[in-house]
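Engineer: kindly generate the corresponding structure for this input.
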Amino acid sequence: MLLTYFEAAPRRVLALVSVACVAMLAFGLYLQHVVGLEPCPMCIVQRYALILVAIVTGLTAFASKKGLLMTGAFVTLLLAGFGAFVAARQSFLQWYPPEVASCGRDFYGMIETFPLQRVIPMIFKGSGDCSKIDWTFLGLSIANWSFLCFSAIVLVMLALLVLRGRTAAAR
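Structural biologist: Here you go, the predicted model:
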């Protein structure tokens with residue numbers, strides 16, 4: 001039944017994903033500004049990935065052509081896959097923290113100081129901030145929840161692409 005809905009109303013599914021992303025971003029801002037949690041560099045990269053997913057799915061929901069819909073779903077799949085990768089890396093760092101937990105520069109300090117080819121490996125190496133667990137819900141950290149959300153978006157986009165591709169092949 002759910003797959004039938006994906007096939008019948010892909011634009012609504014994309015709009016729903018966009019709204020869910022905006023809600024997750026709002027919750028992240030609540031945790032930052034009200035609760036007082038400061039995001040680490042990997043959290044900021046995940047936030048940017050979520051913003052891009054929200055923008056792409058929001059714009060794609062307005063697309064009336066099938067080619068644009070498929071392209072938007074594919075781009076969203078790539079962006080959500082990247083976000084899931086970053087969240088998985090941060091979850092790994094939380095489960096197996098580095099032996100030397102050094103708090104490095106913040107995200108914007110790295111970008112201002114170093115060239116981009118040095119910043120990207122520094123972000124994925126992680127720092128003491130990235131392995132710290134400040135908040136949990138149902139035993140899962142923010143990075144764990146982020147991974148689950150990005151993975152769900154990947155699965156939804158895969159379902160959309162497969163079902164829409166199957167419909168086009170049947171014609």
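Engineer: how far does the helix or strand harbouring Leu79 sit from the chain's center?
Structural biologist: Using DSSP states H and E, Leu79 sits in helix 66-95. With Cα atoms, centre = their mean, to the nearest Å as the basis, helix 66-95 stands 6 Å off its chain's centre.
Engineer: and stretch 34-44, by the same measure?
Structural biologist: With Cα atoms, centre = their mean, you get 15 Å for stretch 34-44.
Engineer: end-to-end on that stretch?
Structural biologist: End-to-end distance for stretch 34-44, by Cα to Cα, to the nearest Å: 17 Å.
Engineer: again with stretch 56-71
Structural biologist: Start-to-end, stretch 56-71 (Cα to Cα) is 10 Å.
Engineer: what residues does that stretch touch?
Structural biologist: 10-12, 14-15, 17-18, 21, 72-73, 75-76, 79, 161, 164-165, 168 (Cβ atoms under 8 Å, 6 or more residues apart in numbering). In short, each C-beta sits where N, CA and C put it, glycine included.
Engineer: ok so, going back, go through the helix holding Leu79 and flag the buried ones.
Structural biologist: Of the residues in helix 66-95, 69-70, 72-77, 79-91, 93-94 count as buried by neighbour count, 16 or more other Cβ atoms under 10 Å.
Engineer: returning to that earlier point: emit the ChimeraX select command for whichever of the contacts of stretch 56-71 are buried.
Structural biologist: Filtering the contacts of stretch 56-71 down to the buried ones (16+ other Cβ under 10 Å) takes a single ChimeraX command:
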select :10,14,15,17,18,21,72,73,75,76,79,161,164
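Engineer: and Tyr30, how far from Trp145?
Structural biologist: As defined by Cβ to Cβ, to the nearest Å, Tyr30 lies at a distance of 14 Å from Trp145.
Engineer: okay, those two: which has more neighbours?
Structural biologist: The residue with more neighbours, out of Tyr30 and Trp145, is Trp145; 18 against 11, by other Cβ atoms under 10 Å.
Engineer: next, name the residue at the spatial heart of the protein.
Structural biologist: Residue closest to the mean C-alpha point of the chain, counted by Cα atoms, centre = their mean, is Gly83 at 3.7 Å.
Engineer: where does this structure have low pLDDT?
Structural biologist: 1-8, 98-129, 165-171 (pLDDT under 70).
Engineer: residues in contact with stretch 78-93?
Structural biologist: Contacts for stretch 78-93 (Cβ under 8 Å, 6+ apart): 40, 42-43, 45-46, 49-50, 52-53, 56, 124, 126, 130-131, 141, 143-144, 146-147, 150-151, 153-154, 157.
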